[in-house]
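# sequence isn't available, so here's the structure alone:
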């Protein structure tokens, strides 16, 4: 297990993804006197408090660090010299960001994968502005390695009322999309036991051309295509796959039944 040294822990906050587990309960089970902020509290997202991200400053006698294997895929760590309320306010201002088209989008930067993608898309100056009082972000990768993203931690910090101030550019969106696709191709390859990236890209392109959008739908189509080979190209199968009257899941189920049992 990769852990943090004592000097680092003194400056560390843990930001739990409340959509993945009961973060407050877990915190109090492993820390008798934590400082905790519910990030959705007092924001337009307050109606979704049951899935709020939770910012925690562990106490001196915390047991949270010993329980790291239980939460490292559900949280990120951030280092700051500033107080909990100040850091929480800045993080609240980042719950949603402005998109290139002028709209706003929710940003789950507290998920390890999302943070890694985001930090990779920002240049040094953009990362500094985004980070505000945070001087380092840490995220555990699926293989257990710890990724660290530095900032000077001295930039102007924002308040919750300023949510939406940070702008994602077209370039940011493109880099984020490319990174997400790369991760999905790798995951699909493991699922199908295929190492040929060109073949995986072909399967994904076929699926999206047929209107399958989610990872689950694309994965299911790809699995059917691999298992049944050329039969996926049969005229009756293509008719089912292109039936606009059926939902994506219904089309996939009908194709599965037809290929397995000869019935639609």
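Perfect, I can see it now. Because the structure is predicted, anything quoted here is derived from the model rather than measured.
# which stretches in the stretch 1-150 of the chain count as strands?
Ranges of strands in the stretch 1-150 of the chain, per DSSP state E, counting those that start in this stretch, are 12-16, 35-38, 54-57, 75-80, 96-98, 104-106, 134-140, 146-150.
# can you add mean pLDDT and distance to residue 201 and give those back as TSV?
Any C-beta I mention is one placed from the backbone N, CA and C, and that applies to glycine too. Shown next, in TSV, are the strands of the stretch 1-150 of the chain (pLDDT from 0 to 100; distance: least, C-beta to C-beta, whole Å):
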stretch	mean pLDDT	distance to residue 201
strand 12-16	98	34
strand 35-38	97	42
strand 54-57	98	38
strand 75-80	96	30
strand 96-98	95	29
strand 104-106	93	26
strand 134-140	95	27
strand 146-150	93	26
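# out of those strands, flag the one nearest residue 161.
Residue 161 sits nearest to strand 96-98 of all those, at 12.7 Å, using C-beta to C-beta.
# what comes up buried for the closest one?
Within strand 96-98, the residues scored as buried using 16 or more other C-beta atoms under 10 Å are 96, 97.
# and stretch 193-200, by the same measure?
Of the residues in stretch 193-200, residue 200 count as buried by neighbour count, 16+ other C-beta under 10 Å.
# per-domain residue ranges of this protein.
6-168, 173-261 (automatic domain parsing).
# how far does the longest one stretch from start to finish?
Read that as domain 6-168. For domain 6-168, the first-to-last residue distance is 35 Å (C-alpha to C-alpha, to the nearest Å).
# could you do the last one as well?
Using C-alpha to C-alpha, one end of domain 173-261 lies 43 Å from the other.
# what do you get for stretch 145-163?
The first residue of stretch 145-163 is 31 Å away from its last residue (C-alpha to C-alpha).
# do you know which of the strands of the stretch 1-150 of the chain lies nearest residue 223?
Minimum separation from residue 223 across the strands of the stretch 1-150 of the chain (C-beta to C-beta) falls at strand 134-140, 29.0 Å.
# residues touching the closest one, excluding its own?
With C-beta atoms under 8 Å, 6 or more residues apart in numbering as the test, strand 134-140 has contacts from 2, 4, 11, 72-73, 76-81, 87, 90, 112-113, 115-116, 119, 131, 146-154.
# strand partners of that strand, parallel vs antiparallel please.
Next to strand 134-140 in the sheet, as set by DSSP bridges, lie strand 75-80 (antiparallel), strand 146-150 (antiparallel).
# buried set for stretch 115-131?
Buried residues in stretch 115-131, counted by 16+ other C-beta under 10 Å: 115, 116, 117, 118, 119, 121, 122, 126, 127, 128, 130, 131.
# ok, the closest residue to the fifth one other than its chain neighbours - contacts?
By that I understand residue 119. Nearest in space to residue 119, with sequence neighbours left out and distances taken as C-beta to C-beta, 6 or more residues apart in numbering, is residue 149 at 4.2 Å. Residue 149 is in contact with 115, 119, 127, 136, 137, 138, 139, counting by C-beta under 8 Å, 6+ apart.
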